[in-house]
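K.L.:
build me a structure from this.
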Amino acid sequence: MSQPIRITCTSVLISALYSASVVAADYAFFSNAAIPGNNQTQIVGSVADCKDACDREDWCKSFDYYKQEAKCDLSDQSQRTAGGLKTDYPGHPYDHYEKLSSGSADTIDGHTVDTVAFGTGAFKKQGDGWIEMRADGSTAFTFEESGRDAASV
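P.N.:
Got it, this is the predicted structure:
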């Protein structure tokens, strides 16, 4: 059994990776995840169209985007008020977008981040460590985490 690789990252590196996971200054992005149920309105269009539709509704806190079908479901729930995100849909068809002002993702720091998406994959929190996922969902490698603070991910 291989030993986990210990990697020390600076907040500069993580900041560069993290910024890729935010759609705009007012939305957080959660790759391959969705809120089960709690769908209020369906929109056909791009992520930008869904963001604009959510922004027009005072009740809208988040939306789940169906990547293969180019549509989304707007929700009046955040991941926390809905009981969390589901991340094990076969084929990973959804991405979740959440308003930062929705009361759940408005504090994004080293204690609240559990996914950092970037162009060719993502880092995901798993137990006491992290995994690097390729774009196809396969694991590139795993590593242990130690000493996380508010400035680090």
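
K.L.:
which element is Ser78 on?
P.N.:
When elements are assigned from DSSP states H and E, Ser78 belongs to no helix and no strand.

K.L.:
cool, Ala140 as well?
P.N.:
Ala140 belongs to strand 139-144 when assigned by DSSP H and E.

K.L.:
check Ile5 and give its pLDDT.
P.N.:
We have a pLDDT of 47 for Ile5.

K.L.:
let's number from 15 now, not from 1
P.N.:
Sure thing, new numbering starts at 15, so read that last one as Ile19.

K.L.:
could you point out which element follows the lowest-mean-pLDDT helix or strand in the chain?
P.N.:
Lowest on mean pLDDT, DSSP states H and E among the helices and strands of the chain sits helix 25-33, with a mean of 34. Under the assignment DSSP H and E, the closest C-terminal helix or strand after helix 25-33 is strand 41-44.

K.L.:
who touches stretch 88-101?
P.N.:
Residues from elsewhere that reach stretch 88-101 (C-beta atoms under 8 Å, 6 or more residues apart in numbering): 44, 46-57, 64, 67-68, 71, 73-78, 110, 112-113, 116-119. For glycine as for every other residue, the C-beta is placed from the backbone atoms N, C-alpha and C.

K.L.:
restricted to buried residues, select these in PyMOL.
P.N.:
A single PyMOL command selects the buried members of the contacts of stretch 88-101 (16 or more other C-beta atoms under 10 Å):
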select buried, resi 44+46+47+48+49+52+53+57+64+67+68+74+75+76+77+78+110+112+113+116+118+119
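
K.L.:
take the contacts of stretch 88-101 and keep only those in helices.
P.N.:
In this view, the contacts of stretch 88-101 that belong to helices under DSSP state H are Cys64, Ala67, Cys68.
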